[in-house]
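Asks: Structural data only, the sequence is not supplied:
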């Protein structure tokens, strides 16, 4: 079930053809799933997913949905649920497969509802989703009729979850590559829209990440960036001394004005912040499908405006910008 043939078939008919050999080589060198201790268990769950026959799919509603012609029996539904739960934890969603509702940790549909009204129409565009997770937003993008959506994320579990959903919704114009942005061709300048949502604060060098994003976009292409910010003025940024909201890999949280300045210095124009709001407790929470700690556990139990470490609680902002060069 895991292969990248459809991706290579697609790019052979597109402007991306010139990078085909690069992607072949990177996937050959970087993709070694058998070395992951959980690969066999996840792969067994993936290959054991049932064939439910023809399904009706929906990508333009909160839950990515696949509905069979005939309802499953209770036993069949439980077997399907158990197979999908074997790919726990499910972090980005929601999904609904044949009556099995995958209630993920994040209500990623809320983020999409905040983003979509402010961006250029995605129809016929070549899209890159950096840090795509299990692909929820890629499927939502498919509802907008893009030319193609390429998602990159080195997480093996996220890739397994993507293929599990693809098993039911079919081959759309969405392609998952288990690589990081560092493995993308340099200075591609090939995509019409590039999304980087929930990635920047994990990068040691945010400027380098912004330049990488710009060099993936064609001139005039659009960046959609979502990241953690702090309240403050121009030039202000939080650099946590240790963990932030129990995360050890958080480096820089700029103020909105600082983020706009960074984008402009890195070759973007027409930069604007289109949304800014604290992360709500019901947007990120533990569920049956993600039973580990979540946002509530990361905040001060006496004052939820602060993290457990005493920093300001998470505020997420969305920025839209144009690649100037």
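Replies: Done, it's in. Here the structure is a predicted model, which is why all the values come from computation and not from measurement.

Asks: Just give me the residue right at the centre of this protein.
Replies: By CA atoms, centre = their mean, the chain has its centre lying nearest to residue 132, at 2.6 Å.

Asks: per-residue pLDDT, it?
Replies: Per-residue pLDDT puts residue 132 at 99.

Asks: Same check on residue 1?
Replies: 69.

Asks: Would you mind confirming that the residue nearest to the centre of the chain is in contact with residue 153?
Replies: Yes: using CB atoms under 8 Å, residue 132 is in contact with residue 153, at 4.9 Å. All C-beta spots, glycine's among them, are computed from the backbone N, C-alpha and C.

Asks: where do the contact lists of these two overlap?
Replies: Listed as contacting both residue 132 and residue 153 by CB atoms under 8 Å, 6 or more residues apart in numbering are residue 176.

Asks: is it true that the residue nearest to the centre of the chain lies in a strand?
Replies: No: secondary structure of residue 132 (DSSP: H, G, I helix; E, B strand; the rest coil): coil, not part of a strand.

Asks: Phi and psi next, for the closest residue to it other than its chain neighbours.
Replies: Of all residues not flanking residue 132 in the chain, residue 151 sits nearest, at 3.1 Å (CB to CB, 6 or more residues apart in numbering). When read as degrees, to the nearest 10, the backbone of residue 151 gives phi -110, psi 140.

Asks: how near is residue 151 to residue 163?
Replies: 12 Å (CB to CB, to the nearest Å).

Asks: Just give the strands next to the longest strand anywhere in the chain in its sheet, each with its orientation.
Replies: Looking across the chain with DSSP state E, the single longest strand is strand 217-229. Next to strand 217-229 in the sheet, as set by DSSP bridges, lie strand 191-197 (parallel), strand 315-323 (antiparallel).

Asks: that older thread, what number of residues lie near the residue nearest to residue 132?
Replies: 27 (other CB atoms under 10 Å).

Asks: and residue 15, what is it in contact with?
Replies: By CB under 8 Å, 6+ apart, the neighbours of residue 15 are 126, 190.

Asks: Buried residues in the longest strand of the chain, which are they?
Replies: By 16 or more other CB atoms under 10 Å, the buried positions in strand 217-229 come out as 217, 218, 221, 222, 223, 224, 225, 226, 227, 228, 229.

Asks: Could you find the closest non-adjacent residue to the third one?
Replies: If the residues on either side of it in the chain are set aside, residue 221 comes closest to residue 323, at 4.8 Å by CB to CB, 6+ apart.

Asks: for the first one, same thing?
Replies: Counting by CB to CB, 6+ apart, the nearest residue to residue 217 once its immediate chain neighbours are dropped is residue 323, at 4.0 Å.

Asks: got it, and the last one?
Replies: Setting aside the residues directly before and after it, residue 229 is nearest to residue 317 in space (CB to CB, 6+ apart), at 4.5 Å.

Asks: Just grab the bridge partners of the one you found for me.
Replies: residue 227, residue 276.

Asks: Where does the prediction get shaky in the stretch 1-150 of the chain?
Replies: 1 (pLDDT under 70).

Asks: now the strands: where do they sit in it?
Replies: Ranges of strands within the stretch 1-150 of the chain are 55-58, 64-68, 92-93, 95-97, 100-102, 106-107, 126-130, 148-152, based on DSSP state E, counting those that start in this stretch.

Asks: on that earlier part again, quick one: common contacting residues for residue 151 and residue 163?
Replies: Common neighbours of residue 151 and residue 163 (criterion: CB under 8 Å, 6+ apart): residue 176.

Asks: what does stretch 258-272 contact?
Replies: By CB under 8 Å, 6+ apart, stretch 258-272 touches 206-207, 210-211, 214, 223, 225, 227, 229, 232, 234-237, 254, 273, 317, 319-325.

Asks: Please list only the buried members of these.
Replies: Counted by 16+ other CB under 10 Å, the contacts of stretch 258-272 give 206, 210-211, 214, 223, 225, 227, 229, 232, 237, 254, 273, 317, 319-323 as buried.

Asks: circling back to that earlier point, closest one to residue 242 out of the buried residues of strand 217-229, please.
Replies: Each of the buried residues of strand 217-229 was scored against residue 242 by CB to CB, and residue 228 proved nearest at 15.9 Å.
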